[in-house]
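> Requesting a structural model of the entry that follows:
(one chain, ligands or ions: 1)
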Amino acid sequence: MINFQSILASINEAASTENDRGKIADYIPELAKVNVNNFGIHLQDIHQNSFSAGNADERFSIQSISKVLSLSMALGQIGEKVWKRVDVEPSGDPFNHLSLLELENGIPRNPLINPGAIVIADILVSQLEYPKKDFLTFVRNIANDDTIDYDIDVAESEKRTGFRNFAAANLLKSYGNLDNEVEVVLDFYFHQCSLAMSCAQLTSTFFMFMNNGKCRRENIFLTISQVKRINAIMLTCGFYDEAGEFAFEVGLPGKSGVGGGIVALLPNKFCVATWSPGLNPKGNSKLGMLALEKLTTETELSIF
Ligand code: GLN
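Sure, this is the predicted structure:
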């Protein structure tokens, strides 16, 4: 039997003495208010046993981690038609790059870089009667947690400074790959990114990705094939131009966000979330990556 609790405690211990903690994302001014010394880790196994260390119950902005959830909802709404508007290839580029979008005629490389997630947001805005409310209900249902909410200050902050996302959305519109108005789609996108969750809540939300599409209450949200595909996209695209490094060092499908969160999972075994707001130069949590590398090294558990 692996003693997850003692491994998490030692990871937290190592993180607490780390001086070089990376740099907080400040292009969204509201995110820059967070204390760089935070560190939390929470692991939930397939039997719903939970283990945690550090600030695992403190909420933070999940940012791009939300892209996996919006993709899941869009697949439930329009199924395979999603793939007509967004591809499934890793980009090898930073999350906010626009160059490939032009080269590939407005079809984003994958749904986890910003332009791809903006297309997914457009699909949801078209499909849902009350997009922000309905998406929040979807996330709350998956997590079985009605306390999960948007952080309106973060959403408004990003709306004021999200110039690159406005550029991406306008470019998509010029290629005919955005059905709704740029402002409407980005309002939805900034809200989805502003979702606030703790590491513990993230493992409950992502439980279904390790449990063949079934949430903790055994309700089916995704088919086995859809989960397999989403996990494949997380592995190949979840860390932008550091996806190779994450697969190499950690060996799990996962997703990061510029709020400093990372969630990763081993199908049928466990789901783990870390939070440390300082980022490395590629925009992924510096200590979060180190923590997960330590976890899979010490437990000898990975998908490989
Ligand atoms: N909302 C952020 C953005 O669009 C999300 C980026 C991220 O978490 N990598 O820039």
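
> and the stretch 151-300 of the chain, which of its residues are near the ligand?
Glu158, Asn165, Cys193, Gly257, Val258, Gly283 (CB under 6 Å from any ligand atom). Every residue, glycine included, has its C-beta placed from N, CA and C.

> which one among the residues you listed gets closest to Lys214?
Gly257 (24.3 Å; CB to CB).

> Would you confirm that that closest one contacts Ile62?
Yes. Counting by CB atoms under 8 Å, Ile62 is a contact partner of Gly257 at 5.2 Å.

> what touches both of the two?
Cys193 (CB atoms under 8 Å, 6 or more residues apart in numbering).

> who's more crowded, the two?
Shown here are Gly257 and Ile62; by other CB atoms under 10 Å, Ile62 has more neighbours (33 against 28).

> Settle this for me: the more buried one is touching Leu195, isn't it.
Yes. Under the criterion of CB under 8 Å, Ile62 makes contact with Leu195 at 5.0 Å.

> The worst-scoring helix or strand of the chain on mean pLDDT packs against which elements?
Least confident helix or strand, the chain: helix 99-103 with a mean of 83, by mean pLDDT, DSSP states H and E. Packing contacts for helix 99-103, counted by 3 or more CB pairs under 8 Å, 6 or more residues apart in numbering; DSSP states H and E, involve helix 163-174.

> hang on, the earlier thing: could the residues of the stretch 151-300 of the chain next to the ligand go into CSV alongside pLDDT and secondary structure?
Below are these laid out as CSV (pLDDT from 0 to 100; DSSP: H, G, I helix; E, B strand; the rest coil):
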residue, pLDDT, secondary structure
Glu158, 96, helix
Asn165, 96, helix
Cys193, 98, helix
Gly257, 97, coil
Val258, 97, coil
Gly283, 92, coil
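
> so which of these would you say is closest to Ser52?
Nearest member of those to Ser52, counting by CB to CB, is Gly257, at 18.9 Å.
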